[in-house]
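> Attaching a predicted model along with its sequence, questions to come.
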Amino acid sequence: MVNRRVTISIAVLLAFLATSFAVGQDLDDFSRPRRMVYFFQADPGSLESFDEFLLYNAILSSIGTSNPDVVVLESPDRAVPVGQEGREDLARRVDADSWVYVFAAGGMADLSVVAEVYDMRNQVRFDPVESTPGFPISYRALAIGLWDDIAAVIRDNFESVVDAEDVLFRGVPGTQINGLPGSPFIIDEDGSVVVPLPSPATFEGEASLAGFETTTERVYVGFEAPVVEFSQRRLPQFAVDFRLSSFQFPGARFWWFFVPSQAFLRGGITTQLIGLYLVNNAGSLFDSSALSTVYVDAGYVFGSPEDSTRLWAGGGASLRLSHQPQIIGLDRDAAFGGVHLSLGAEIKPLRQLALFADYQPTFLLAPSPEQFIERSFTWNAFPDGNAPGFITLPWGLFDLRNLYLGVRLSW
């Protein structure tokens, strides 16, 4: 008895796990067979007890194997309930949804059998089926073709069913819901969609829509159909960042995500009017130069918008602006601009706040690369006299030193 209880418990647990968190399954995968109660009654005094026993089992064997989608149950009561209401009540007691009633009259020499099948689930009563062989029945002939007409009614009119409840999902119109049997489903223009889900079971519905964060909701379908509302939040379309260039000079950029939280255009400025001078070449912690650089670039952020860590890549161009002697103008003495790559990484401790590092190797258009380095490092105290991080060409140079650290706010 203990082993049987353990076996049943394991089977119930496996059935629960099979229906919990189901993903990518069709509704038909949760179908169950129909359950039909078998009622048998013989006209009193018409059959010997042994003949009645053989006839009972011969018919049960024939209809019990007629349809794999139907499980035929013997009635727990030998006495057949009177009327349709009584038979339905007994069927519900054994968790059945249909019944077949067989009435036998006459003896084995003049046998007459009438069968009535009723589908409680669909409220359908099928025409009675009468089987009258018209010749004496031997025990050997009881199970050979005599009950095919009764079996045909069960075989042709019953199929497995899914116990389902209609679940109402609400969200932004156009949202696609995945992760449910039969998915995807699309939320209608009125902001809702009704989805039939197997009951009882537990699922996770995932709502996705361009421009919105992907969100999931756990759904338990029990005796009452729940109403599930997705809390969808728009992805950021704009951002502003504040940063330090090479740990020295401050800057800011404005971001526009033309593909929300993924593809971006941005523009910004870094100024050398004030900055830190951590390399002790001049003996001063602070340094300044009448120079600023404006940037325009574009790129793409890789990974899901919900990820806390992401990478990006891009490229663009820059102009160097001189504030001396005029208020603002192109830097014609050292380098008037360049093109750059952008390789970045971000960590988001909060949904709208990101800490980032952005490496931007730049090719500068400089008429005289040596003059550019000399002007950039007035106090040159490097051992070999050459500033590191530059690759010079006759008409320009690669600046490999540009690392930006900062914080970005999105909305």
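Received it, and whenever you're ready, just let me know what you need. Numbering: from 1, shown residues only.

> Show me where the stretch 151-300 of the chain dips below the pLDDT cut-off.
Applying pLDDT under 70 to the stretch 151-300 of the chain picks out residues 277-288.

> tell me the strands in it, going along the chain?
164-170, 176-178, 185-186, 192-198, 201-208, 215-221, 227-229, 238-245, 249-259, 263-271, 275-276, 286-287, 291-302 (DSSP state E, counting those that start in this stretch).

> May I have the strands that pair with the third one, each with its orientation?
This means strand 185-186. strand 176-178 (antiparallel) (DSSP bridges).

> hmm, who's touching the partner strand?
169, 171, 183-187, 193, 195, 205-209 (C-beta atoms under 8 Å, 6 or more residues apart in numbering). All C-beta spots, glycine's among them, are computed from the backbone N, C-alpha and C.

> so which of those residues is the most crowded?
Ala207 (26 neighbours; other C-beta atoms under 10 Å).

> For the nearest residue to that residue once chain neighbours are set aside, list the residues it contacts.
Residue nearest to Ala207 in three dimensions, not counting chain neighbours: Phe230, with 4.2 Å by C-beta to C-beta, 6 or more residues apart in numbering. By C-beta under 8 Å, 6+ apart, the contact list for Phe230 reads 169-172, 175, 205, 207, 215, 217.

> dump the residue contacts of Leu311.
The neighbourhood of Leu311, defined by C-beta under 8 Å, 6+ apart, consists of 301-303, 343-346.

> With pLDDT, distance to Gln84 and secondary structure as new columns, can the residues you listed be given to me in CSV?
Listed next are the contacts of Leu311 as CSV, based on pLDDT from 0 to 100; distance: C-beta to C-beta, whole Å; DSSP: H, G, I helix; E, B strand; the rest coil:
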residue, pLDDT, distance to Gln84, secondary structure
Val301, 97, 67, strand
Phe302, 97, 66, strand
Gly303, 93, 63, coil
Leu343, 98, 77, strand
Gly344, 98, 75, strand
Ala345, 98, 73, strand
Glu346, 97, 70, strand
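
> Switch the contacts of Phe230 over to JSON lines; also include distance to Trp395.
Shown next, in JSON lines, are the contacts of Phe230 (distance: C-beta to C-beta, whole Å):
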{"residue": "Phe169", "distance to Trp395": "62"}
{"residue": "Arg170", "distance to Trp395": "63"}
{"residue": "Gly171", "distance to Trp395": "57"}
{"residue": "Val172", "distance to Trp395": "54"}
{"residue": "Thr175", "distance to Trp395": "54"}
{"residue": "Gly205", "distance to Trp395": "60"}
{"residue": "Ala207", "distance to Trp395": "55"}
{"residue": "Thr215", "distance to Trp395": "53"}
{"residue": "Glu217", "distance to Trp395": "60"}
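
> and which of these is nearest Gly267?
Set against Gly267, the nearest of those by C-beta to C-beta is Val172 (30.9 Å).

> still on that earlier bit, look up how far Thr214 lies from the residue nearest to Ala207.
10 Å (C-beta to C-beta, to the nearest Å).

> Helix, strand, or coil at Leu60?
Three-state call for Leu60 (DSSP: H, G, I helix; E, B strand; the rest coil): helix.

> Identify the residues contacting it.
38, 40, 72, 74.

> what about the third one, helix or strand, and which?
Right, Val72. strand 70-74 (DSSP states H and E).

> Okay, and Gln84 sits in which element?
Per DSSP H and E, Gln84 falls inside helix 83-93.

> Summarise which helices and strands the next helix or strand after that helix is packed against.
Next along the chain after helix 83-93, taking DSSP H and E as the criterion, comes strand 98-105. Other helices and strands packing on strand 98-105, by 3 or more C-beta pairs under 8 Å, 6 or more residues apart in numbering; DSSP states H and E, are strand 34-42, helix 49-64, helix 83-93, strand 112-119, helix 148-157.

> switch to 6 Å and redo it
strand 34-42, strand 112-119 (3 or more C-beta pairs under 6 Å, 6 or more residues apart in numbering; DSSP states H and E).

> got the angle between that strand and strand 70-74?
50 degrees (axes from the mean of the first three to the mean of the last three C-alpha atoms, to 10 degrees).

> which other residues reach strand 98-105?
For strand 98-105, the surrounding residues in contact (C-beta atoms under 6 Å, 6 or more residues apart in numbering) are 36-43, 46, 55, 59, 87, 91, 112-120.

> Stretch 349-367 now?
Residues from elsewhere that reach stretch 349-367 (C-beta under 6 Å, 6+ apart): 335, 337-348, 372, 396-400, 402-408, 410.

> now do stretch 194-206
Contacts of stretch 194-206 (C-beta under 6 Å, 6+ apart): 19-22, 30, 162-168, 177-180, 185, 216-222.

> which ones are touching Tyr300?
Ala263.

> Now do the strand or helix carrying Glu374 against strand 291-302, angle only.
Following DSSP H and E, one finds Glu374 within helix 369-376. Angle, helix 369-376 to strand 291-302, by the same axes, to 10 degrees: 100 degrees.

> circling back to that earlier point, now for the contacts of Leu60, which pair is the farthest apart?
Phe40 and Val72 (11.4 Å).

> what's the pLDDT at Phe390?
pLDDT recorded at Phe390 is 89.

> For Val193, give me its contacts.
Residues in contact with Val193 (C-beta under 6 Å, 6+ apart) are 169, 185, 187.

> so can I have a markdown table of those residues showing distance to Leu364?
Shown next, in a markdown table, are these (distance: C-beta to C-beta, whole Å):
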| residue | distance to Leu364 |
| --- | --- |
| Phe169 | 56 |
| Phe185 | 55 |
| Ile187 | 52 |
